[in-house]
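In: Predicted structure and sequence below. I'll ask about it afterward.
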Amino acid sequence: MEWGGNNSNQYRTSYKDDHKSMMEVALISNMDSVNIGLGCSETAVPITSLKPRKKTMTSVYLKYFETATDGKTRRCKFCGQSYSIATATGNLGRHLGNRHPGYDKSVDAVSNSATRPTAVVKKSQAQGKPNEVDYDYLNWLLIRWLVSASLPPSTLEEDWLVNSYKFLNPSIQLWPSDKYRTVLDEVFRSMREDVRSLLEQVSSKLSITLDLWTSFEEIFYMSVTCQWIDENWCFQKMLLDICRIPYPCGGAEIYRSLVEVLKYYNIGNRVLSFTHDNSPNAMHACHTLNEDFVGQKIGPFCYIPCAARTLNLIIEDGLRSAKQVISKIREFVIELNASPVISEDFIHISSAYQEGTWKFPLDVSTRWSGNYQMLDLVCKAGKSMDVVARKYDELLGSRMLLLSSSEKSVVNIMHQYLEPFYKTTNNICTSKVPTVGLVLFFMDHISETIATCRESRQSPEWLKGAAEEMAKKARDYINQVCNIFTYMTAILDPRIKGELIPESLNSENFLDEARTHFLRNYSTTHFPPLSSGYNAQEIEDGGSVSFAEEIARKKRRTSTSIATDELTQYLSEPPAPIPTDVLEWWKVNSTRYPRLSVMARDFLAMQATSVVPEELFCSKGDEINKQRFCMTHDCTQPIFCIKSWIQVGIKFKSRSHEIDYERLMELAAAAAATDNSPTSSDKKQK
């Protein structure tokens with residue numbers, strides 16, 4: 001151990017022998033063999049042994065252990081676990097009782113030493129060398145922890161963490177950080193092959209979303225994520241890659257990185273849309289890619305801006321006038337969160353004043369959710385806040401909250417004005433599948449709210465000025481998103497169809513183009529052509545159908561073709577209620593619209609946002625940004641990709657061998673339960 005000081009050595013030697021044996025690989029010593037794909041770790045340090053006692057020990061347990069040739073250790077004949085020669089025989093009995101119940105009834109126990117090798121104990125070494133423990137299992141569990149927690153391998157080099165493991169067992173060997181990075185790269189490459197194989201089996205069109213950010217090392221990254229709807233009408237999402245964008249990090253560099261990803265996964269000809277993060281460079285890259293697709297005559301393709309980012313920018317313009325007041329409220333709320341006494345008092349006071357029920361800690365993030373809660377708190381619990389501020393005047397000091405009447409007026413006006421925005425963001429965040437049609441429906445409502453504020457005589461001038469800036473961003477978004485692709489996506493949402501589409505998007509030309517696209521690409525491509533109307537017997541008879549009957553059947557086929565225009569029939573029906581599950585609706589009605597449902601699977605996968613809306617509107621995004629900002633460049637790609645792939649069910653693999661973490665955790669839990677059992681605890685206390 002390296003904690004320093006004489007007290008540490010004194011502390012270690014004060015433990016009894018039975019406690020030492022308990023610490024020796026209690027978690028992993030009982031694991032069964034699991035194929036983890038990699039070999040053994042570097043040579044482990046032999047377990048430190050104490051000076052042998054002079055008195056010779058005799059016990060019934062000794063026949064189940066064999067003594068090493070060096071006379072310093074005893075080895076269990078069942079599992080190979082090694083103990084110091086000085087270990088009390090009571091500890092050996094506890095080992096047999098806990099690890100090998102019924103050992104005394106095993107006929108071949110003595111004759112067959114270590115009949116089945118375990119995964120954590122190496123094979124017998126050359127004579128004269130003590131047995132050493134293989135800690136690869138521990139290192140693989142640490143790899144899994146790094147991925148789950150989005151931590152760099154350098155985390156495992158922290159002295160306190162290393163010394164904590166050494167405290168449990170001085171012989172524990174952790175891999176060096178370079179090996180962790182090498183293993184992560186191997187796992188990344190193995191799992192990426194599985195992702196590519198999975199995408200090859202997808203039959204529908206794909207939608208791509210792009211998100212860009214800069215790390216603390218000033219490295220520019222882009223995440224490329226793929227979405228689609230499978231045959232069972234389940235929405236699927238898969239992170240394809242985290243690309244490092246080289247200097248000067250412009251549209252050309254983004255374009256080249258994007259092309260490499262599409263080529264590796266061989267999906268360029270199946271992408272229907274790209275949703276970018278509204279940055280000019282990303283927009284330029286998508287525009288260049290669109291020109292490539294047109295030149296190569298690859299099917300229809302479009303790119304649209306992120307609605308969530310646009311809405312977030314619109315809201316920031318609205319909040320700008322109340323920014324100072326919100327900051328003042330936030331300082332007060334931070335004190336409420338920090339003091340259980342004050343927060344409990346606030347809860348009682350607000351209950352007495354009937355000003356709502358508040359659960360602490362309150363959201364004080366600078367995200368939209370935190371900013372709106374500051375406004376909401378003053379509007380709904382203003383009296384309680386004033387009472388608490390006066391009561392704890394001395395404790396709060398300069399952070400005491402006492403808003404002036406003009407400040408309270410600003411808060412009330414802003415709260416009322418932004419309430420529709422809050423409801424909109426909540427609906428987008430909680431929607432199971434926020435389709436383009438649904439988001440356009442909400443954005444149209446936001447535009448109407450802004451216009452009403454600008455035209456109202458009761459709106460103060462400062463609010464009208466904010467509304468003017470908000471309206472510009474809303475118009476820019478509508479201009480970018482208005483195209484035939486978003487129109488088709490909107491009408492294929494059974495809740496929207498043609499009735500709830502924004503006026504700027506509703507066009508007769510778009511409807512004609514949508515029908516043409518459906519008839520050209522979906523009415524016959526996925527299904528055999530309609531029957532000619534003549535049966536086999538009539539053909540064999542040499543065409544015995546009369547001339548009049550032939551004319552009549554041609555007219556009937558024309559009538560049938562019109563009737564089977566599924567798009568027309570679909571649009572003629574009233575829209576479904578807004579709470580309807582879109583994918584479930586299509587799953588149920590796909591038999592009624594077999595051709596149109598194929599088109600719906602393609603277009604409904606188009607994304608209205610480039611990121612999950614909660615990342616922008618809620619405090620969840622703070623944690624994600626922190627992980628991205630702190631991750632070093634040498635492990636950003638494997639850590640984030642592996643984590644995402646595990647979450648969607650891709651098996652953790654290395655060099656084509658699956659790492660069975662579920663089995664490892666089961667064995668670890670079983671070992672821990674055995675060690676913590678009441679019988680075991682009682683014996684240890686004795």
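Out: Received the coordinates, thanks. Numbering: from 1, shown residues only.
In: Show me the shaky parts of the stretch 301-450 of the chain.
Out: 398-400 (pLDDT under 70).
In: Would you state the strands of it in chain order?
Out: 302-305 (DSSP state E, counting those that start in this stretch).
In: How about the chain?
Out: For the chain, applying DSSP state E gives strands covering 65-67, 73-76, 82-84, 206-214, 220-229, 235-245, 271-276, 302-305, 653-654, 657-658.
In: So which elements touch the third one?
Out: In this case it means strand 82-84. Contacts defined by 3 or more CB pairs under 8 Å, 6 or more residues apart in numbering; DSSP states H and E place strand 82-84 against helix 17-23, strand 73-76, helix 89-99. C-beta coordinates here come from the backbone N, C-alpha and C atoms, glycine included.
In: Least confident of these, on average?
Out: The minimum mean pLDDT among the helices and strands packed on strand 82-84 belongs to helix 17-23 (a mean of 38).
In: can you list the domain ranges for this structure.
Out: 136-306+618-672, 321-429 (the TED database).
In: Nearest to D476, out of these?
Out: D476 lies closest, by CB to CB, to one member of the domains of the chain: domain 136-306+618-672, at 8.4 Å.
In: Return the distance of that closest one from the chain's centre.
Out: 10 Å (CA atoms, centre = their mean, to the nearest Å).
In: Repeat that for stretch 447-460.
Out: Remark: stretch 447-460 is offset 39 Å from the chain centroid, using CA atoms, centre = their mean.
In: Tell me the buried residues in that stretch?
Out: Applying a neighbour-count criterion of 16 or more other CB atoms under 10 Å, the buried positions in stretch 447-460 are 447, 449-450, 453-454, 459.
In: List the contacts of the closest residue to R144 other than its chain neighbours.
Out: Leaving out its chain neighbours, the residue that sits closest to R144 by CB to CB, 6 or more residues apart in numbering is Y661, at 5.6 Å. By CB atoms under 8 Å, 6 or more residues apart in numbering, the contact list for Y661 reads 140-141, 144, 652.
In: Look up how far E193 lies from Y661.
Out: 19 Å (CB to CB, to the nearest Å).
In: thinking again about what came up before, report the separation between the residue nearest to R144 and V598.
Out: To V598, Y661 is 38 Å away according to CB to CB.
In: One more: Y487?
Out: In terms of CB to CB, Y487 sits 18 Å off from V598.
In: Of the two, give the one with the bigger neighbour count.
Out: Y487 (25 against 20; other CB atoms under 10 Å).
In: Could you double-check that the more buried one lies in contact with R515?
Out: No - in this structure, Y487 is not within contact of R515 by CB atoms under 8 Å, at 11.5 Å.
In: what's the neighbour count on S656?
Out: Per other CB under 10 Å, the neighbour tally for S656 reads 9.
In: Now it: closest residue in space, sequence neighbours ignored.
Out: Among residues not flanking S656 along the chain, S190 sits closest, at 6.1 Å (CB to CB, 6+ apart).
In: if we can go back for a sec, between which two of the contacts of Y661 is the distance greatest?
Out: Checking the contacts of Y661 with CB to CB, the most distant pair is L141 and F652, at 11.5 Å.
In: of those two, who's got more company?
Out: Set L141 next to F652 and count neighbours by other CB under 10 Å: F652 wins out with 22 against 18.
In: For T182, see how far away the residue nearest to that one when sequence neighbours are not counted is.
Out: Distances taken as CB to CB, 6+ apart put I659 closest to F652, at 4.5 Å, once the chain neighbours are dropped. Per CB to CB, I659 is found 15 Å from T182.
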